[in-house]
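K.L.:
Any chance you could fold what I've pasted below:
(chains A, B, C and D)
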Number of protein chains: 4
Amino acid sequence: MSKQETAVAHAAEQWWKTAIIDIKPGQIHVRGYPIEHLIGELSYAQMVWLMVRGEVPGAEQAALLEAALVAAVDHGPQAPSIAIARMSVTCGVDINNAMASAVNVLGDVHGGAGQQCMELYRAVVDEAEPSPGQARSVEDAARSVIDHYQASVSKIVPGFGHRFHHRDPRSVRLLAMLETARASGVIAGRYLDAARAVEADLERRKRKSLPMNIDGATAAIYCELGFPPVLGRGLFILSRSVGILAHAYEQSQFGERIKGPMPPSIPYTYTGKRKLDYRGD
Amino acid sequence: MSKQETAVAHAAEQWWKTAIIDIKPGQIHVRGYPIEHLIGELSYAQMVWLMVRGEVPGAEQAALLEAALVAAVDHGPQAPSIAIARMSVTCGVDINNAMASAVNVLGDVHGGAGQQCMELYRAVVDEAEPSPGQARSVEDAARSVIDHYQASVSKIVPGFGHRFHHRDPRSVRLLAMLETARASGVIAGRYLDAARAVEADLERRKRKSLPMNIDGATAAIYCELGFPPVLGRGLFILSRSVGILAHAYEQSQFGERIKGPMPPSIPYTYTGKRKLDYRGD
Amino acid sequence: MSKQETAVAHAAEQWWKTAIIDIKPGQIHVRGYPIEHLIGELSYAQMVWLMVRGEVPGAEQAALLEAALVAAVDHGPQAPSIAIARMSVTCGVDINNAMASAVNVLGDVHGGAGQQCMELYRAVVDEAEPSPGQARSVEDAARSVIDHYQASVSKIVPGFGHRFHHRDPRSVRLLAMLETARASGVIAGRYLDAARAVEADLERRKRKSLPMNIDGATAAIYCELGFPPVLGRGLFILSRSVGILAHAYEQSQFGERIKGPMPPSIPYTYTGKRKLDYRGD
Amino acid sequence: MSKQETAVAHAAEQWWKTAIIDIKPGQIHVRGYPIEHLIGELSYAQMVWLMVRGEVPGAEQAALLEAALVAAVDHGPQAPSIAIARMSVTCGVDINNAMASAVNVLGDVHGGAGQQCMELYRAVVDEAEPSPGQARSVEDAARSVIDHYQASVSKIVPGFGHRFHHRDPRSVRLLAMLETARASGVIAGRYLDAARAVEADLERRKRKSLPMNIDGATAAIYCELGFPPVLGRGLFILSRSVGILAHAYEQSQFGERIKGPMPPSIPYTYTGKRKLDYRGD
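P.N.:
Next comes the predicted model:
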């Protein structure tokens, strides 16, 4: 190597580093834990948490994360990510490729509402606690943050209202879980208050019901659990990847080639309704 | 629309269909279940299973799936998928894009060993039970399947041996869990037997130890749980997506721009060792 | 670095190499040429050829490559690659991301017909010249190759027939150019003969017209020019990337958010017909 | 379809439209031209222009575009896009997938400098011609635009200086072509003047030479030719896709599996120097 190349190589050594994982022959440490102590011990959702944040969450926190991850797996084959996964499969690419093209479109518009909503809730909480002894009501804070958001970013506030559902059954359930978690002291509830305040303020402005959607509800959970906003998008991607895989796999079983885009409505072929019976819900 | 276009449109309506999800205003049904009955009730791993296969697994089955998903999240930043995720972040793309480029390379070589290994185990089990009253020993079946594989596909049998680890701590743990599951009747153990027989046969041929690696061990789990091989790759992708997200996020926190490729070794910056203490492991 | 890591690092040094480009401070050599001698001198199509094959083609060869690249840029927004590019843009991702998701689906089915057809023509030419003094007619060779293809690969032979066009205007033009090139000695014409023989044989079997499509015609050009089949797909990707960019850019100008899949027919908004007037075509 | 679904379907019909291409059985019109009139008539670079902008450029304009496209095809295998393409191939994915993962990282940092630089030049030209009768010198305008850019965006101005080359041979050649084009009236030269003024101003600030790099030079060309900035990135992607294909193909010929990241320096295996001889350059 030339002197310049050696310097570049040396810089590279310093440049890349990680606190996530350490591999030596016969040994794998993840965030300080031997991996064999984690396998069979942590749930998949706890492992997600440990990997991205470095700590193992308690069971109650993990349950909230789990609920949010379960809620967002799929919203039908007309969502561009799912449509792209299915179309990709009919083009003859492998399942990893179909999933990649689908995950790739979970950008600011399709995958970013949760992240944006988390930033909004955090702004409301920050605004409501500006300095010691000068607390504002969360309602005032929400009004001021929304004023600013609508003036400088967009009239459409992420996390509220849905073009398809009036009341999204996922949000209703997630909010009920958040209230239970607050009642039992699992979460402090400040971001939940912020979310409720934003919802109330938007409905006052619009003079109509504009209920929290799935992005608004999962944003409240992720904020309460202490995730930074960019991980809100990351967690949504992990969750939606499940739906992407399921649709890509189902499509691959049909064995058809190179379909054009989907029609605006496609048939649902499962017939019957079912009820989970192992915990009398 | 012209007559031809109408025909194409009509065909498209018939062409796309799904048994996974049905969305109506105010209602989301997943595999026949209202989604609000699943949220807070199913673990994330159970939801993965329901989405891809249509049924809710029992708790013991789900625990094995969970273990396999936890085990494969990451094998260090030198793996091409993780390296690509980190390099992508330094190019200024969003986290969904970095994850997409990484997932995209989980092809036959980097992501396919588990899938190929599942096909091998299934061939061994099929061979060992060719017809009623004519069972062969699983050892014979393994020998014959490996003969065929090495003659027609490749000398390197997927799922065994590792260029870095002699004995992979993940496989050791997963195999112990499989044995426990067999002992308690959770799994039948035929694929586990097949895996052991392949390992023994390969070691006999090589005249050296060639222990089952992570792909070989998760393949045994996924076969025992009844997943088809292509979903073996799908489940690996979901699992590795966690590591991809963690590394992409960590890299984004460093805030550096457009790095060249990683050096062959990179420093691990977590110091100390930890032990999980909430269940006397 | 440990001894093992040093060995890995050393192997990596040996492992990666290139004959394409050499960069030193103030100097860029491409395939042995200083880049500043190529800029302004080679056409873009000649540069493609130099980059992938290492030699600068003559002007007549380059003209055929150019024609093939021009012909395949776009076949309408209903093609999955273009549909995906447009849908991706409405999801708020950048133009490089939209292009990536689109290019990603140019797999065996959507992007591979040209490559497969090149392999077929090469098989016909090889079959027609099995050994010195034992030449078979190209018609015999085509029949035998198609027999084999239909028996062992697929009944549908790539490169012939089109579900939409009876006679594809692109193929007609490209074939005329190939005939002119043969007449003037630019190409030898063996692959063109093979292509004609395959077409005739298929029409004989089907008892109806089944004209060469764009994949069949570009495959003949790429074979005549000496490209290996895998580069047939590569050249198609470069060509179709132009259409992908054009559609992604057009969509971005509309500024709409998160559209669902396209309908089976979409309006063409350019009105009028035009004629190139600078060479009385 | 329900009433709501019908409305969605109807909206979709109105929603998607294109002025790029119209396909009918036996007929393909591109921007108003029958495609068979374009094949063999337009160069690949002219077709790029027609597709993205709707008009056929003159030969002199096309020559400048061609030079810019040729110049940016490759800057070595250490660039993340090329490294990713090569690594992807060793993971066993197809060439379209390797190209997709590579194109995907041509984001703001790796692929966006040209686009950002075009915006800068346009700001300078706008500033220099604020209103009739009130022209400012381009030097004044450049100073003011850079003041603003460094205060509000970044200290590092895109398009100038290079961490590797002091003087980039590509820029030198492209600038010479721009001067020739101005002398012969092919371009007006206002953006070239802006580029020179920015360079001079930056060198005055830095008190050292900070020559225009490839992004700065191609940005000047694309501005002079009337491309909007976002197409600057698009054209760079088309150009770099050639290098990505060449490296992916070369790597595929080596047949190696799943390599880790590249070392900081890799050997160039072409030996010898060459000179183009067909136009005494």
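
K.L.:
Now do the strands in chain A.
P.N.:
Counting by DSSP state E, chain A has these strands, from start to end: A:21-24, A:27-30, A:33-34.

K.L.:
ok, the shortest one: who's next to it in the sheet?
P.N.:
Think strand A:33-34. Next to strand A:33-34 in the sheet, as set by DSSP bridges, lie strand A:27-30 (antiparallel).

K.L.:
Buried ones in the partner strand, by neighbour count?
P.N.:
Buried residues in strand A:27-30, counted by 16 or more other Cβ atoms under 10 Å in any protein chain shown: A:28-30. Yep, even glycine has a C-beta here, placed from its N, CA and C like the rest.

K.L.:
hmm, who's touching it?
P.N.:
By Cβ atoms under 8 Å, 6 or more residues apart in numbering or on different chains, the residues outside strand A:27-30 that reach it are A:20-23, A:34-35, A:38, A:50-51, B:73-75, B:168-170, B:268, B:270, B:273.

K.L.:
A:Asn96 is nearest to which of the strands of chain A?
P.N.:
Among the strands of chain A, strand A:21-24 comes nearest to A:Asn96, with 21.4 Å by Cβ to Cβ.

K.L.:
if I pick the most centrally placed residue in chain A, what's in contact with it?
P.N.:
By Cα atoms, centre = their mean, chain A has its centre lying nearest to A:Phe236, at 2.7 Å. Contacts for A:Phe236 (Cβ under 8 Å, 6+ apart) come out as A:72, A:106, A:111, A:114-115, A:218.

K.L.:
Output these as TSV; include the columns distance to D:Leu192, pLDDT and neighbour count.
P.N.:
Output for the contacts of A:Phe236, formatted as TSV (distance: Cβ to Cβ, whole Å; pLDDT from 0 to 100; neighbours: other Cβ atoms under 10 Å in any protein chain shown):
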residue	distance to D:Leu192	pLDDT	neighbour count
A:Ala72	51	97	24
A:Leu106	41	96	29
A:Gly111	41	86	27
A:Gly114	46	94	30
A:Gln115	42	95	25
A:Thr218	51	98	30
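
K.L.:
got any ranges where the stretch 51-200 of chain A has weak pLDDT?
P.N.:
For the stretch 51-200 of chain A, applying pLDDT under 70 flags no range at all.

K.L.:
so where do the helices sit in it?
P.N.:
Remark: helices assigned in the stretch 51-200 of chain A by DSSP state H, counting those that start in this stretch are A:59-71, A:80-90, A:95-103, A:113-128, A:138-152, A:169-183, A:190-206.

K.L.:
quick one, which of these is nearest to C:Trp16?
P.N.:
helix A:95-103 (23.4 Å).

K.L.:
Kindly reformat the strands of chain A as CSV containing mean pLDDT.
P.N.:
Below are the strands of chain A laid out as CSV (pLDDT from 0 to 100):
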stretch, mean pLDDT
strand A:21-24, 91
strand A:27-30, 94
strand A:33-34, 94
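
K.L.:
Just put the ones you listed in TSV and tack on distance to A:Leu245.
P.N.:
Below are those laid out as TSV (distance: least, Cβ to Cβ, whole Å):
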stretch	distance to A:Leu245
strand A:21-24	24
strand A:27-30	24
strand A:33-34	27
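
K.L.:
Which of those sits closest to B:Phe254?
P.N.:
Here strand A:21-24 is closest among the strands of chain A (Cβ to Cβ), at 16.0 Å.

K.L.:
Which strands and helices lie in contact with the closest one?
P.N.:
Helices and strands touching strand A:21-24, as assessed by 3 or more Cβ pairs under 8 Å, 6 or more residues apart in numbering or on different chains; DSSP states H and E, comprise strand A:27-30.

K.L.:
which of the buried residues of strand A:27-30 lies closest to C:Pro228?
P.N.:
Nearest to C:Pro228 out of the buried residues of strand A:27-30 is A:Ile28 (Cβ to Cβ; 41.4 Å).

K.L.:
and the stretch 101-250 of chain A, which of its residues are near chain C?
P.N.:
On the criterion Cβ under 8 Å from any Cβ of the partner chain, chain C has as its neighbours in the stretch 101-250 of chain A the residues A:101-102, A:104-112.

K.L.:
Quick check: which of the residues you listed are also close to chain D?
P.N.:
Near chain D, taking Cβ under 8 Å from any Cβ as the test, the members of these found are A:101, A:104.

K.L.:
Name the residue of the stretch 51-200 of chain A that lies nearest to chain D.
P.N.:
Proximity of the stretch 51-200 of chain A to chain D (Cβ to the nearest Cβ) peaks at A:Asn97, 5.1 Å away.
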